[in-house]
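Q: pasting the structure only:
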C-alpha cells in the first residue's frame, strides 16, 4: 500500500511539473477511485486541473493538451480534465465538477 501511495505521489508530481512549463495551476484536485480510497491495480489517476491555460480552448483541445502532458511526463495512467477558474466557480450541480467538488481532494492550490 505504501508503495502504491509513493507511486501515486510521484506520478502526480511529474505531471504537475510538466504542466507548470506551459502555465500556472490554480488548483489540482484528485477525484475518482483514488480520492475515494477504492482504487484497484488497474485504476487510472483522475485529476482535475483548474487553470487559465484552458481559456479559449474547447474540451477536445484540453483533452489533447493534457494527454500530451501525461505522455511527456511518462504518467499515462493519469486521466486529467481541464477547467478554467470561471468554469470551476460557476459549475452546474449536474455536471462532473459538482462530483469533483463533492468527493475530490485538493492536492495543490496556488492560494
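A: Sure thing, it's come through. Being a predicted model, the structure only gives us computed values, none of them experimental.
Q: next SSE after the top helix by length along the chain?
A: The longest helix of the chain (DSSP state H) is helix 2-19. The helix or strand immediately downstream of helix 2-19 is strand 27-31, counting by DSSP states H and E.
Q: Could you list the paired strands of that following strand along with their orientation?
A: Here strand 27-31 has these sheet partners by DSSP bridges: strand 45-50 (antiparallel), strand 105-109 (antiparallel).
Q: pLDDT below threshold where in the chain?
A: Low-confidence segments of the chain, defined by pLDDT under 70: 1-2.
Q: Please repeat the previous calculation with a cut-off of 90.
A: 1-7, 41-42, 91-95, 110-111 (pLDDT under 90).
Q: Go ahead and flag the most central residue of it.
A: residue 47 (2.2 Å; Cα atoms, centre = their mean).
Q: That one is in contact with residue 29, isn't it?
A: Yes. If you go by Cβ atoms under 8 Å, residue 47 and residue 29 touch, sitting 6.9 Å apart. In short, each C-beta sits where N, CA and C put it, glycine included.
Q: The longest helix of the chain packs against which elements?
A: strand 27-31, strand 45-50, helix 59-72, strand 78-83 (3 or more Cβ pairs under 8 Å, 6 or more residues apart in numbering; DSSP states H and E).
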